[in-house]
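**Q** Predicted structure and sequence below. I'll ask about it afterward.
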Amino acid sequence: MNRRRNNSIAANPILIGGVTVLVTIVAVFLSYNANHGLPFVPTYKVNVVLPDAAGLIAGNEVRIGGARVGVVHKIDAIARRDGSTGARLELALDDTSNHLPVDSVVKVRPKSSLGLKYVEITRGTASSTIPADGTLTVPRGTTRPIDIDDFFNMYDEPTRQGSTDNLFAYGTAFAGRGGDINQALSDLDPLVQHLEPGARNLVAARTKFQDLFPAFAQAAAEVAPVAGVQAALFGNLNTTFRAFADNADALEASIAGGPHALDVATRELPAQAGFEADSTELFRRFKKPFASLAAASVHLAPAFKAGTPALKISPQLNARIVATLNALDTFVSDPRVLPALQRLTETANLLNPTVAFLAPTQTTCNYVSLLFRNLGSALSEGDAVGTFLRTDPVVAAQLPNSEAGPSSAPANGPPDDPDPRKTPIRDTYLHSNPYPNTAAPGQIKECESGLDKYIPKQQVIGNIPGNQGTAVDKTKRGAVK
C-alpha cells in the first residue's frame, strides 16, 4: 500500500520556524520603537525651543487638550549668543493633528508624582501655521508651572533629613499602640467635663486673664534687644553645668550654703511684689481667650463622648484593613495584573475620542433615552396576541427627482408651470441632514436632530443655518407597575 507524500507548506518545520522567528523579530522591533512612533506612519515634526527641558526625556508624550497627539522624538541642548543655554525639542506629532498656529503655547507639565513629564500644547488662534520642521520658540521670560519637584526642593538637605527622622520616630512611636491611643482619648472625656468649671473660674473677671498674652508680648519686646546676650548666656550655662557635673563634691559644698541663701531670699522676696502684681494683671488679660475655650468645651465634651465608642471598635477595623491590604498585595504581585492594566489603559485611550464624541448625544441631547421612549411608545398598543408597531406611510409626489422614484439630482423644488389655472404642485425641495449636530466636540452646541425647522421653498442638505438650541424633550424614571 503506497502512502501519498504530503508536500504542503505546513509540513515543512524549517519554513514554519523561519516565519515564526521573523514575526517575533518584527513584533520586538515594533514594541521597542513604539515610544518613538511606528514605522511607515506619517508624522508632522515641529521643533520647540524652551528655556530648559524641565526633566523631559525622549519618548515622553505630547498632548493637545488632554489627548495624546505625538511624542518627544529628540532633545538637544543649545547655547545662545548671549551665553545662556536652552533646550530644543523635536516633536513628532500625528499627521492628523493639523499644523500648529504660530501663537500656540507650549508647557512642560507633570504626568505623575513620580517625576514623569509630558508636553502640553495649547493651540493658538493665528491664521498662519508652523510648517513641517519649523521652530516654535518659547520666550525665556515665560513663567514655568510649579511642579511637585519644586515643592519638595524648597527644603534643604538638613530639613528633609529632619522630616524623615521625625516621620520614622513618630511612626515607630504610634505603631501597634492604637488601643493605648483610644484609651487616652477615652480618658479625655472626664478631663473635658472637669475642665469647664476650672476654665470658667480662670476667665472670671477677677482673674484678669485677658491681660496675660499682652503681658507676654511686652515681656518678649523687652527681652528682644538682649537676644544675643541670652544666646551667649545659654552657651555659658552649658559650660557651667558641665563643670558642675565634673565637680560633684564642690556642688555638694555649695548646697550646704543653702540655708543662708534662704535667709537672704526671705529678706529680699518682698521686693518682688511688683512682679507678682504684673503677673496678676497678665492672668486678668487671659479672660477673653479662656472664655472662648469655655464656650468651645461645651461642644468638645459631646464630641469626645460620641467618638469614644467608635474608637473602641477601631482595632477590629484595623484587623480587616490588614487582611484587605494583604489581599491587595497578592493581587498586585500577580504577573498578569500589570499587562492587563496596560491593555485596559490602551483600550481606554482608544475609546476616549469615541466616548468624548458620543457622550453629549445623551448628556446634552438625551437622544438615547428618547430613542427607547419612542420605541416603547410605538409598541405600546396590542391585544392578547401581542403588540402592534404603529406606522404611518409617507407618499411622495411623482415629480422630477422626487423621492418617489429614481432621480438624477437632489430634488430642488417643483417644476415651473406657467398655467395658473392648474392646481399648484406640492413643494418637493430636498431636506436631508445625515449628520446632524449633537453638541459633540468641534460642533455647534445644539441638538439639531428633532429641533431642525422646515425651510419652505429652499433646498437644504446638511446642517441647517443657525443654532437650534438644546431644548429637547426630557425623560424621567417611572415606577414599573
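**A** Now that the structure is in, tell me what you want to look at.

**Q** so how many other residues sit close to the nearest residue to Glu448 once chain neighbours are set aside?
**A** Spatial nearest neighbour of Glu448, chain neighbours left out: Pro436 (3.8 Å); criterion: Cβ to Cβ, 6 or more residues apart in numbering. The C-beta positions use only the backbone N, C-alpha and C, and glycine is treated the same way. A count of nearby residues for Pro436, using other Cβ atoms under 10 Å, gives 19.

**Q** Could you check the pLDDT of Pro436?
**A** Note for Pro436: predicted pLDDT of 87.

**Q** That one touches Asn463, doesn't it?
**A** Yes. Applying Cβ atoms under 8 Å, one finds Pro436 in contact with Asn463, separated by 6.9 Å.

**Q** measure the residue nearest to Glu448 to Gly462 for me?
**A** 9 Å (Cβ to Cβ, to the nearest Å).

**Q** And Ser408, by the same measure?
**A** 20 Å.

**Q** More neighbours: these two, which one.
**A** Counted by other Cβ under 10 Å, Ser408 and Gly462 do not tie: Gly462 has more neighbours, with 9 against 6.

**Q** list the contacts for the closest residue to the more buried one other than its chain neighbours?
**A** Of all residues not flanking Gly462 in the chain, Asn433 sits nearest, at 6.0 Å (Cβ to Cβ, 6+ apart). Contact analysis of Asn433 by Cβ atoms under 8 Å, 6 or more residues apart in numbering lists Glu448, Ser449, Asp452, Val460, Ile461, Gly462, Asn463, Ile464.

**Q** ok, Asn433 to Ala359 distance?
**A** Asn433 is 21 Å from Ala359, by Cβ to Cβ.

**Q** three-state assignment of Val71?
**A** What DSSP: H, G, I helix; E, B strand; the rest coil gives for Val71 is strand.

**Q** That one bridge partners, please.
**A** Glu61, Ala92 (DSSP bridges).

**Q** Neighbours of Leu195, how many?
**A** By other Cβ under 10 Å, the residues close to Leu195 number 17.

**Q** Sorry, wrong one. I was asking about Leu338.
**A** Neighbour tally, Leu338, other Cβ under 10 Å: 10.

**Q** distance of it from Glu346?
**A** From Leu338 to Glu346 the distance is 13 Å (Cβ to Cβ).

**Q** How about Gly235?
**A** From Gly235 to Glu346 the distance is 65 Å (Cβ to Cβ).

**Q** With Phe209 instead?
**A** Distance, Phe209 to Glu346, using Cβ to Cβ: 67 Å.

**Q** Equivalent analysis for Ala301, please.
**A** Distance, Ala301 to Glu346, by Cβ to Cβ: 56 Å.

**Q** try Ser407
**A** 46 Å.

**Q** Tell me which of these two has more neighbours.
**A** In this view Ser407 and Glu346 are compared by other Cβ under 10 Å, and Ser407 has more residues nearby, 13 against 10.

**Q** Would you agree that one is in contact with Asn401?
**A** Yes. Counting by Cβ under 8 Å, Asn401 is a contact partner of Ser407 at 3.8 Å.

**Q** Excluding covalently adjacent residues, which one is nearest to Asn467?
**A** Glu446 is the one closest to Asn467 (Cβ to Cβ, 6+ apart), at 4.9 Å.

**Q** Would you quantify the distance from Ile464 to Val229?
**A** 87 Å.

**Q** what about these two, which has more around it?
**A** Ile464 (20 against 9).

**Q** Is the closest residue to that one other than its chain neighbours within a helix or a strand, and which one?
**A** Nearest non-adjacent residue to Ile464, counting by Cβ to Cβ, 6+ apart: Asp452, 5.1 Å away. Element membership of Asp452, judged by DSSP states H and E, is empty: it is in no helix or strand.

**Q** close enough to count as contact, Asp452 and Gln468?
**A** Yes. With contact defined as Cβ under 8 Å, Asp452 and Gln468 form a contacting pair (6.0 Å).

**Q** Just the buried residues of stretch 336-351, please?
**A** By neighbour count on 16 or more other Cβ atoms under 10 Å, the buried set for stretch 336-351 is empty.

**Q** could I have that stretch exported to CSV, CA atoms only?
**A** What follows is stretch 336-351, C-alpha atoms only, in CSV (Å, rounded to 0.1, in the frame of the first residue of the first chain):
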residue,chain,number,x,y,z
ARG,A,336,-0.8,39.0,34.9
VAL,A,337,-2.1,42.2,36.5
LEU,A,338,0.3,44.7,35.0
PRO,A,339,-0.2,43.6,31.4
ALA,A,340,-3.9,43.5,31.9
LEU,A,341,-3.9,47.1,33.3
GLN,A,342,-1.7,48.2,30.4
ARG,A,343,-4.1,46.7,27.9
LEU,A,344,-7.0,48.3,29.7
THR,A,345,-5.3,51.6,29.6
GLU,A,346,-4.7,51.2,25.8
THR,A,347,-8.4,50.3,25.4
ALA,A,348,-9.4,53.4,27.4
ASN,A,349,-7.2,55.6,25.3
LEU,A,350,-8.7,54.2,22.1
LEU,A,351,-12.2,54.6,23.4
